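> Predicted model, plus sequence, below.
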Amino acid sequence: MVSKQRVAFVGDGALISRLFADKQISSNILPVAIYARDVHGNKFPDARIRPAEDLNTIEEKRVLESMEPDFLFSIGNFDVIVSRPILRALNGNAINLHYGLLPYYGGRHGYQWAIRNGEAQSGVTLHSMTHPFDSGRIISTSVFDISEVDTGLSVYKKCVTAGRKIAEQFLLDPNPSKCSLGNAQTSGLRKIYYSSDIGTGEIDFDLSAREIRNFVRAADFRPFQSPSYVPWYRDRDGREYQVYSCRVCQPEELPGADDGRAKWRKCRDGYVIFDHVREKNW
């Protein structure tokens with residue numbers, strides 16, 4: 001009988017739990033530790049369960065060394081960069097599922113940046129974990145189309161669906177050397193997006209109408225809150241409005257004269273109409 005792979009997990013507790021809804025995963029993978037919130041301990045009675053931020057502590061390094069997991073698997077992990085001491089303790093056997101196509105969209109919210117940049121495709125990348133982050137060997141990718149009606153939320157959902165498939169494929173692969181597989185990233189193509197790149201969310205009307213629409217729809221996670229920014233603009237009276245959706249329009253489509261409070265604006269190459277706005281209350 002083939003023994004189960006011993007795996008430590010870090011990231012989103014709901015996504016980790018969904019993986020184990022698959023009978024093949026639960027039959028072949030033994031979760032020895034789960035670093036995540038919203039994990040029901042009764043589903044993983046043999047796993048050590050701690051918040052994700054505990055992973056990089058000295059105590060957890062000792063615990064992981066004693067558990068001797070075959071590897072660490074990161075999924076939906078947007079908050080914790082696994083430290084060098086932890087990676088060394090794992091002998092480099094650590095894998096991350098990144099929501100974005102590497103090497104072009106490393107860092108935070110890569111799938112949102114793909115929308116903002118007008119890309120026709122996005123995807124997810126399975127890669128080895130190293131320092132600097134998101135720079136390890138690419139093991140596999142899954143690419144999907146971005147349509148003109150996609151939003152930040154719909155593309156995120158596509159990442160979850162695509163990510164689950166390649167995560168399951170990797171976890172069920174019996175190759176004991178699978179963590180060392182993959183191809184090195186081309187350094188000249190690497191782009192990392194940082195939180196500081198996001199800005200305040202204020203709409204720049206020097207952009208084209210299409211760029212503004214992409215900026216707005218990338219942050220549309222209704223009915224949930226955007227994980228990064230909320231687009232907004234200021235009218236002539238100084239009132240500020242949050243924008244949740246907009247569209248490109250022609251001059252003849254404008255709803256009336258611009259009195260400073262109209263829900264449309266002129267931009268670099270045309271006009272945008274704001275379909276869903278709300279006055280900021282802070």
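That came through fine. Small disclaimer: the values here were computed from a predicted structure and weren't measured.
> who touches stretch 44-54?
10-11, 20, 30-37, 39, 41, 60, 63, 67, 77, 79-80 (Cβ atoms under 8 Å, 6 or more residues apart in numbering). In short, each C-beta sits where N, CA and C put it, glycine included.
> from those residues, which would you call buried?
10-11, 20, 30-36, 39, 60, 63, 77, 80 (16 or more other Cβ atoms under 10 Å).
> Out of those residues, flag the one nearest to H98.
Ranked by distance to H98 (Cβ to Cβ), the buried ones among the contacts of stretch 44-54 are led by N77 at 9.3 Å.
> Phi and psi next, for the closest one.
phi -100, psi 100 (degrees, to the nearest 10).
> How confident is the prediction for it, by pLDDT?
For N77, the model assigns a pLDDT of 91.
> R278 too?
So, for R278, pLDDT stands at 88.
> One more: M1?
On the pLDDT scale, M1 gets 53.
> In contact with N214, which residues?
I115, R116, N117, G118.
> nearest residue to the last one other than its sequence neighbours?
Nearest residue to G118, sequence neighbours excluded (Cβ to Cβ, 6 or more residues apart in numbering): N214, at 5.6 Å.
> Helix, strand, or coil at the one you found?
helix (DSSP: H, G, I helix; E, B strand; the rest coil).
> dump the residue contacts of A219.
A219 neighbours (Cβ under 8 Å, 6+ apart): Q112, G152, G201, S226, S228, Y229, V230, P231.
> Show me the shaky parts of the chain.
Confidence mapping of the chain against pLDDT under 70 gives the ranges 1-2, 41, 256-262, 282.
> change it to 50
259 (pLDDT under 50).
> Going along the chain, name the strands of it.
For the chain, the strands defined by DSSP state E cover 5-12, 29-37, 48-50, 71-75, 94-98, 106-107, 121-128, 138-145, 192-193, 232-234, 240-249, 264-266, 271-279.
> returning to that earlier point: check the buried ones among the contacts of stretch 44-54 against V248 and report the nearest one.
Looking at those and their distance to V248, the nearest is N77, at 36.0 Å (Cβ to Cβ).
> didn't that closest one look like it was pressed against H98?
No: applying Cβ atoms under 8 Å, one finds N77 not in contact with H98, separated by 9.3 Å.
> S26 and R268, how far apart?
For S26, the distance to R268 equals 54 Å [Cβ to Cβ, to the nearest Å].
> From I146, how far out is the closest residue to S226 other than its chain neighbours?
Once flanking residues are discounted, S226 sits nearest to A219: 4.3 Å by Cβ to Cβ, 6+ apart. For A219, the distance to I146 equals 15 Å [Cβ to Cβ].
> Which residue lies nearest the spatial centre of the protein?
Nearest to the geometric centre of the chain sits Y99, at 4.2 Å (Cα atoms, centre = their mean).
> Provide a list of residues in contact with that one.
The contact partners of Y99, by Cβ under 8 Å, 6+ apart, come to G110, Y111, V124, Y156, C159, G163.
> Let's see that with 6 Å instead.
Y99 makes contact with Y111, V124, C159, according to Cβ atoms under 6 Å, 6 or more residues apart in numbering.
> before we move on, what about R247?
The contact partners of R247, taken as Cβ under 6 Å, 6+ apart, are I273.
> How about it: which residues does it bridge to?
Beta-bridge partners recorded for R247 (DSSP bridges): I273.
> measure it to A167 for me?
From R247 over to A167 the distance is 36 Å, taken as Cβ to Cβ.
> same question, I192
Distance of I192 to A167, given as Cβ to Cβ: 23 Å.
> Now render the strands of the chain as TSV, adding distance to N175.
Putting the strands of the chain into TSV (distance: least, Cβ to Cβ, whole Å) gives the following:
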stretch	distance to N175
strand 5-12	11
strand 29-37	14
strand 48-50	26
strand 71-75	12
strand 94-98	13
strand 106-107	26
strand 121-128	14
strand 138-145	11
strand 192-193	30
strand 232-234	49
strand 240-249	46
strand 264-266	55
strand 271-279	49
